[in-house]
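> Sequence and predicted model, in that order:
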Amino acid sequence: MAAVGLGQAVRTTPAGALPANMVPHPREELFSVLVVDDHPLLREAIAARLTQMGAGTVHEAASVAEARARALATGPCDLAILDLGLPDGSGIELVTELRSHGWPRIVVLASSDDPYAVRSAFQAGAQAYLLKSASPVVVTDGVRRVLEGGVYADPSVAPVLATGTRVPGTDNTPRELSAREVEVLQLVADGQSNKEIGEALNLSALTVKSHLSRIGRKLGTGDRAQMVALAMRAGVIR
């Protein structure tokens, strides 16, 4: 292991040091990983497990700022594993940034099974959501699934995803909201005006109004406060 930049470790595995059947995807070379978590012992444990699975290089970062610097220096790795509760910013925003810069696979490792966090992670582009309390077997299965091109949810949060973004309306009939409609409702819940929502989402105020009208028709109410209350009750926003 050699310390390189940012005060964080880069762990490498010699080629051929692991049997082929331990490499979790059909590529001859070892895979590269970025692990982002502010707890050194947890990072070390994750790095050790990834090395056992066939990681050739494991970059580490303890914050959003360090992750951005590392990502800029290395370019996209085969995989990123990151915590949502970072000290200097949003893990969800980091997921979005990494995906927009060509990172192909992202696994979220979080402390919370909050439905909003789970849905937000997948909507931002993560391919897996794992809990820090998960067993090593579950973590290994999730990472392997993502490396093979799949999607994985910790068994304890899978029921949250099964409900999708359905919100029971005023008649108690579940209605499916689009990802954009959920974004708009969250900003309404944050107290933003149509103009402010439009600026945040790069939409016109008229388009925001159209989204709200469509949400109102689905939920059976034109009252913004009631829309928000219904969505919060369903765990779609917070």
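Right, received. Where do you want to start?

> Quick check: which element contains Ser32?
In the assignment (DSSP states H and E), Ser32 maps to strand 31-36.

> which residues does the residue minimising distance to the centre of the chain contact?
The residue lying closest to the centre of the chain (CA atoms, centre = their mean) is Ala121, at 3.0 Å. Going by CB atoms under 8 Å, 6 or more residues apart in numbering, Ala121 touches 84, 91-92, 95, 108, 110, 129. Where C-beta positions appear, they are placed from N, C-alpha and C, glycine not excepted.

> try 7 Å
84, 92, 95, 108, 129 (CB atoms under 7 Å, 6 or more residues apart in numbering).

> hang on, it is in a strand, isn't it?
No. Membership of Ala121 in a strand is not supported by DSSP: H, G, I helix; E, B strand; the rest coil, which gives helix.

> that older thread, now the contacts of Ala121 in JSON lines, with neighbour count?
Shown next, in JSON lines, are the contacts of Ala121 (neighbours: other CB atoms under 10 Å):
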{"residue": "Leu84", "neighbour count": "24"}
{"residue": "Ile92", "neighbour count": "19"}
{"residue": "Val95", "neighbour count": "25"}
{"residue": "Val108", "neighbour count": "28"}
{"residue": "Tyr129", "neighbour count": "26"}
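
> Among those residues, name the ones in strands.
108, 129 (DSSP state E).

> Tell me the one of the contacts of Ala121 nearest Val35?
The nearest member of the contacts of Ala121 to Val35, counting by CB to CB, is Val108 at 12.1 Å.

> Was I right to think the closest one contacts Ala126?
Yes. Between Val108 and Ala126 there is a contact under CB atoms under 7 Å: 4.7 Å.

> what residues are shared contacts of these two?
Val95.

> shaky segments in the protein?
1-29, 159-164 (pLDDT under 70).

> Please enumerate the strands of it.
2-3, 9-12, 31-36, 55-61, 79-82, 85-86, 89-90, 106-110, 128-131, 152-153, 166-168, 174-176.

> and the gap between the nearest residue to Val151 once chain neighbours are set aside and Arg145?
Distances taken as CB to CB, 6 or more residues apart in numbering put Gln127 closest to Val151, at 5.1 Å, once the chain neighbours are dropped. According to CB to CB, to the nearest Å, Gln127 and Arg145 sit 8 Å apart.
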